[in-house]
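>>> Need a 3D model of the sequence below.
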Amino acid sequence: MLEQKVMSLFEYLGHAAGPVLGKEVARAAYIFKEPIGRKQISNRNYTGDVLLYRKEFLIGYFEGNKKLELQQLELDLENSIEVTDHGSGAGDIENQYKIHYTLVKRYE
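As a prediction, the model looks like this:
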């Protein structure tokens, strides 16, 4: 079995990504059910864990495919909540979760 290349955002970008971009990429990886690795590093600028992603995922994310899909998913979720967010009963909340689940499944 071939081992897939994993890398940190720093390795992929060639510079520190920063906490905002790091969280955005981690969130996208979680939503798309991408495997996320970890490794401990220590240098003069940072000591701690860094997350590792498949190189193919990072290429897809930064070249727009994954980012656009994620933006569309978030837009669909926002619209579904706006449409169903006018009641106060438990049934309305249950409907919101059903719509959310359906939309997430569509983008898997």
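>>> Could you use CA atoms for every contact and neighbour count after this?
OK.
>>> okay, Leu9: pLDDT?
You'll see Leu9 listed with a pLDDT of 94.
>>> Then the one 5 residues further on?
As predicted, Gly14 sits at a pLDDT of 93.
>>> now it: how far from Ser8?
When distance is defined by C-alpha to C-alpha, to the nearest Å, Gly14 is 10 Å away from Ser8.
>>> Between the two, which has more neighbouring residues?
Using other C-alpha atoms under 10 Å as the criterion, Gly14 and Ser8 rank with Ser8 on top: 22 against 9.
>>> Compute the number of surrounding residues for the residue nearest to that one when sequence neighbours are not counted.
Spatial nearest neighbour of Ser8, excluding adjacent residues (C-alpha to C-alpha, 6 or more residues apart in numbering): Leu52 at 4.6 Å. By other C-alpha under 10 Å, 21 other residues sit near Leu52.
>>> Could you list the paired strands of the strand ranked longest in the chain along with their orientation?
Secondary structure assigned by DSSP state E gives strand 47-54 as the longest strand of the chain. Note on strand 47-54: by DSSP bridges, its sheet partners are strand 6-7 (antiparallel), strand 37-42 (antiparallel).
>>> who touches the very next helix or strand once past that strand?
Once the chain leaves strand 47-54, the next helix or strand it forms, by DSSP states H and E, is helix 55-62. Helix 55-62 has contacts (C-alpha atoms under 8 Å, 6 or more residues apart in numbering) with 4-7, 12, 25, 29, 34, 66-67.
>>> All set now, cheers.
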